[in-house]
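In: sequence first, predicted coordinates after that:
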Amino acid sequence: SQKIEQNSEALNIQEGKTATLTCNYTNYSPAYLQWYRQDPGRGPVFLLLIRENEKEKRKERLKVTFDTTLKQSLFHITASQPADSATYLCALDFTGGGNKLTFGTGTQLKVEL
Amino acid sequence: GAVVSQHPSWVICKSGTSVKIECRSLDFQATTMFWYRQFPKQSLMLMATSNEGSKATYEQGVEKDKFLINHASLTLSTLTVTSAHPEDSSFYICSAPNPSGAGETQYFGPGTRLLVL
């Protein structure tokens, strides 16, 4: 069965540093891979989407890479701030747009002053 | 942008009672909506796919008689937790597909926290 794994340990980094989060999956590559942010008691908030034929996507301080050979996506937050502290989820859409998402386990990021 | 709302945002009920949670797409139509459940410190797990005008599709291990889904209109899906028990206490989140095809593929609601005493 398909497995999606993210860093299970919480990631603590210093303000201003780059945070790198990992999402690894088994078996089939998704048509789309998305990253979400989730704060306690809230629903997920969309950050970035990358397609299977794309290597990298950027949005402001965020960057996502997608390597279908390694079956891995990396999510980077540059110049991190305490406000970036949250849980980050990767979500895979295997069929392409508008269909159900399979979520990873999530990684909790804490940015310290 | 498009918004998905949920009501109520939180609910406390006694064991054995039924609870209804609403999911609405506010400025777009959704023939399909998805219901997820999230336990503390865990990720979102898909429970079922709600289909307007037809039966919902449930994921393996989810009891369809316990989690009743009704998608009566193009903007509303409801999830009813019947005869709720403490183990049903969780965070329930719905989503609807983005009709525009740009940006994210799903719009998520803010979630409903259910506590069964």
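Out: Here it is on my side, so go on.
In: near chain B, which residues of chain A show up?
Out: Residues of chain A lying close to chain B by C-beta under 8 Å from any C-beta of the partner chain are A:32, A:34, A:36, A:41-46, A:49, A:89, A:93, A:97-106. Using the backbone N, CA and C atoms, a C-beta is placed for each residue, glycine as well.
In: residue furthest from the geometric center of chain B?
Out: residue B:102 (23.4 Å; C-alpha atoms, centre = their mean).
In: lowest-scoring secondary structure element of chain B by mean pLDDT?
Out: Least confident helix or strand of chain B, by mean pLDDT, DSSP states H and E, is strand B:106-108 with a mean of 91.
In: partners of that one in the sheet?
Out: strand B:90-97 (antiparallel) (DSSP bridges).
In: alpha carbons only: can I get the strand it pairs with in PDB?
Out: Presented in PDB, the C-alpha positions along strand B:90-97 are these (Å, rounded to 0.1, in the frame of the first residue of the first chain):
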ATOM      1  CA  SER B  90     -11.800  14.000  16.800                       C
ATOM      2  CA  PHE B  91     -11.300  16.900  14.500                       C
ATOM      3  CA  TYR B  92     -13.400  16.600  11.400                       C
ATOM      4  CA  ILE B  93     -12.400  18.500   8.300                       C
ATOM      5  CA  CYS B  94     -14.200  18.700   4.900                       C
ATOM      6  CA  SER B  95     -12.800  19.900   1.600                       C
ATOM      7  CA  ALA B  96     -14.200  20.600  -1.900                       C
ATOM      8  CA  PRO B  97     -12.400  20.500  -5.200                       C
END
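In: how many residues are close by the nearest residue to residue A:32 once chain neighbours are set aside?
Out: Leaving aside its chain neighbours, residue A:32 sits nearest to residue A:93 (4.2 Å; criterion: C-beta to C-beta, 6 or more residues apart in numbering or on different chains). Residues near residue A:93, counting by other C-beta atoms under 10 Å in any protein chain shown, number 22.
In: residue A:93 reaches residue A:30, doesn't it?
Out: Yes - between residue A:93 and residue A:30 there is a contact under C-beta atoms under 8 Å: 5.5 Å.
In: joint contacts of those two?
Out: residue A:102 (C-beta atoms under 8 Å, 6 or more residues apart in numbering or on different chains).
In: so where do the helices sit in chain B?
Out: Remark: helices of chain B are absent; assignment by DSSP state H.
In: what parts of it come near chain A?
Out: Close to chain A, as judged by C-beta under 8 Å from any C-beta, chain B has residues B:6, B:32, B:34, B:36, B:42-46, B:49, B:91, B:93, B:95, B:97-98, B:101, B:103-106, B:108-111, B:113.
In: show me the beta-bridge partners of residue B:34.
Out: residue B:49, residue B:95.
In: ok, it to residue B:97 distance?
Out: As defined by C-beta to C-beta, to the nearest Å, residue B:34 lies at a distance of 8 Å from residue B:97.
In: who has more neighbours, these two?
Out: residue B:34 (25 against 22).
In: for PyMOL, what selects the buried ones among the residues of chain B next to chain A?
Out: Of the residues of chain B next to chain A, the buried ones go into a single PyMOL selection, burial set by 16 or more other C-beta atoms under 10 Å in any protein chain shown:
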select buried, chain B and resi 6+32+34+36+43+44+45+46+49+91+93+95+97+98+104+105+106+108+109+110+111
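In: quick one on the thing from earlier: now, which of the residues of chain A next to chain B lie within strands?
Out: The strands, defined by DSSP state E, take in A:32, A:34, A:36, A:45, A:46, A:49, A:89, A:93, A:102, A:103 from those.
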